[in-house]
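**Student:** Sharing a model prediction with you, sequence too.
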Amino acid sequence: MLNIVLFGPPGAGKGTQAVNLIEHYHLVHLSTGDIFRANIKGETELGKLAKSYMDAGNLVPDEVTIKMLESEVNKNPNAEGFIFDGFPRTTPQAKALEQFLTSKGTAISVMVALDVSEEELIKRLLLRGKESGRADDANEEVIANRIQVYNDQTAVVADFYNTQNKFEKINGIGTIEEIFGRLCHAIDRYK
Ligand code: ADP
């Protein structure tokens with residue numbers, strides 16, 4: 001199995017690249033943000049719980065997120081591999097994912113981290129807010145909080161994979177094709 005963690009701050013371009021990567025490597029895309037948003041739209045219990053955290057730019061509690069992610073993996077028993085997009089976002093999530101994949105006889109192959117400057121991130125997120133209608137992209141304070149949450153709680157997750165020699169930093173500035181090429185080049189070394 002090829003299991004990829006697609007990593008990077010909000011607005012780094014994970015969603016865009018995930019679409020290309022699933023096609024190229026025949027993987028199942030699991031975006032925790034997308035799954036939460038679908039639950040909010042469907043007005044499920046999970047959606048109701050997640051909404052207040054997401055609107056403020058805070059993380060949904062680990063316990064809830066981990067349970068949700070594991071159940072999504074279990075829905076795809078025949079997958080050739082997964083792209084985890086937006087997960088793990090905390091060290092406890094990374095540890096839970098490791099344990100869960102080990103129990104399934106598999107593991108994360110590599111974490112690819114899109115590297116984009118803070119200035120560029122804010123520009124992209126504000127632009128996306130105008131187009132996508134995502135509440136958490138429209139407000140500059142919420143964007144600032146998400147970047148702070150990323151710096152405080154999420155950035156350290158890179159160390160978890162780095163110590164396992166499974167970490168690749170990718171320049172996230174350039175055309176979509178250029179960045180996709182860099183990602184594939186890195187991923188192919190872990191196949
Ligand atoms: P972005 O990467 O642009 O911030 P996402 O769509 O990945 O957007 O996530 C949107 C929101 O969903 C996050 O700000 C957070 O509230 C929630 N969320 C997504 N993934 C996780 C996660 N792994 N743990 C906790 N909360 C999450």
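**Tutor:** Structure's in. What do you need? This is a predicted model, so every value here is computed, not measured.
**Student:** Near the ligand, which residues of the chain? Just list them.
**Tutor:** Residues of the chain found near the ligand (Cβ under 6 Å from any ligand atom) are 10-11, 32-33, 36, 53-54, 57-60, 65, 86-87, 89, 93, 136, 146. In short, each C-beta sits where N, CA and C put it, glycine included.
**Student:** For the buried ones among the residues you listed, write the corresponding ChimeraX selection.
**Tutor:** The following ChimeraX line selects those of the residues of the chain next to the ligand that are buried, judged by 16 or more other Cβ atoms under 10 Å:
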select :10,11,32,33,36,54,57,59,60,65,86,87,89,93,136,146
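**Student:** Next step: the residues of the chain next to the ligand restricted to helices.
**Tutor:** Taking DSSP state H as the definition of helices, the residues of the chain next to the ligand contribute 32, 33, 36, 53, 54, 65, 93, 136, 146.
**Student:** what about the closest residue to residue 38 other than its chain neighbours, how many neighbours?
**Tutor:** Distances taken as Cβ to Cβ, 6 or more residues apart in numbering put residue 47 closest to residue 38, at 7.8 Å, once the chain neighbours are dropped. Residue 47 has 17 neighbouring residues, counting by other Cβ atoms under 10 Å.
**Student:** same deal with residue 167?
**Tutor:** Per other Cβ under 10 Å, the neighbour tally for residue 167 reads 19.
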